[in-house]
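# show me how the following folds:
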Amino acid sequence: MYFDSHCHLTDERLIGEADAVVARAREAGVTRMLTVGADPEDMERAVELASRLEGVWASVGVHPHAAGRAEDGVFSRIRELVALDRVVALGESGLDYYYDNAPRPAQRRAFERHIELAAELGLPLIVHSRSADDDTVAVLRSLPSGVRGVMHCFGGGPALLEAALEADWYVSFAGVVTFKKFDAGELVRTVPPDRLLIETDSPYLTPVPHRGKRNEPAYVPYVAGGIAAIRGEPVEEVARRTFENASRLYGLPLPGPGGA
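Numbering: from 1, shown residues only. You can find the predicted model right below:
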């Protein structure tokens, strides 16, 4: 079994056929998926999908691209949504200095608000960091006690990886591990087995051999294969460990024989 620990079923490229996308994932052995909220409207759609699709859970939060819209009312709504059974995490939040779609001060304020909620509510936080290693490292090294989380779609450098592991966080890799030009294998090998996650980040970052097509959760086994090749481990072991790790992070019980 596989756990796609981060996907965007609410994206316009997937939501119209979400039922079929989830069915294809299950046929591929992907029995659990986390669909991630990215803005005030998107998190509502994520919760709706998780409420009706088997094997799908949701996170709620505001992506750094939408940080300019992270107002008090949005965080009040997040508080309401996390009370629902299928909502298991906060985010994605973080910092994106590559696109700078929102002012950096707004990104940092929104990130801080998500961290405060994670500390208060005891929920894991999903963090996006792009071209912002130094500031993200500073945040990780000043986290309130007990804040748990994952660096999703990891693409940072050694210092960011070190800070994440020092904080006892999880580190997730996506389809880029299958690309010929991927050159961060040493970082993939550095992550302890009990802190490793896999994801598609679909519909983005489609892994080889489907690169160039729209991504979806059914392709997460290719990510597991890429990780297994880099780490020199059986793909079955990567699948098992990452399934258990994601389930533990998001507070989901491990299934019994034949279950998901």
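# biggest helix in this structure by residues?
If you go by DSSP state H, the chain has its longest helix at helix 104-121.
# by contact count, what packs against that one?
helix 72-81, strand 87-96, strand 125-130, helix 133-140 (3 or more C-beta pairs under 8 Å, 6 or more residues apart in numbering; DSSP states H and E). All C-beta spots, glycine's among them, are computed from the backbone N, C-alpha and C.
# would you turn those into a markdown table with distance to Glu48?
Shown next, in a markdown table, are those (distance: least, C-beta to C-beta, whole Å):
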| stretch | distance to Glu48 |
| --- | --- |
| helix 72-81 | 11 |
| strand 87-96 | 11 |
| strand 125-130 | 19 |
| helix 133-140 | 31 |
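# nearest to Arg211, out of the ones you listed?
When these are compared by C-beta to C-beta, strand 125-130 sits nearest Arg211, at 19.8 Å.
# strand partners (parallel or antiparallel) of the closest one?
Using DSSP bridges, the strands paired with strand 125-130 are strand 87-96 (parallel), strand 149-151 (parallel).
# any weak-confidence spans in the chain?
Applying pLDDT under 70 to the chain flags the ranges 258-259.
# strands along the stretch 101-250 of the chain, start to end?
Ranges of strands in the stretch 101-250 of the chain, per DSSP state E, counting those that start in this stretch, are 125-130, 149-151, 170-173, 196-198.
# next, format those as CSV and append distance to Gly226 and mean neighbour count.
Below are the strands of the stretch 101-250 of the chain laid out as CSV (distance: least, C-beta to C-beta, whole Å; neighbours: other C-beta atoms under 10 Å):
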stretch, distance to Gly226, mean neighbour count
strand 125-130, 20, 26
strand 149-151, 18, 27
strand 170-173, 8, 26
strand 196-198, 9, 25
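# now those strands in CSV, with distance to Arg79?
CSV is the format used below for the strands of the stretch 101-250 of the chain (distance: least, C-beta to C-beta, whole Å):
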stretch, distance to Arg79
strand 125-130, 15
strand 149-151, 18
strand 170-173, 24
strand 196-198, 26
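# Asn101: which of the ones you listed is closest?
For Asn101, the closest of these is strand 125-130, at 10.9 Å, according to C-beta to C-beta.
# OK, contacts around Leu84?
47, 51 (C-beta atoms under 8 Å, 6 or more residues apart in numbering).
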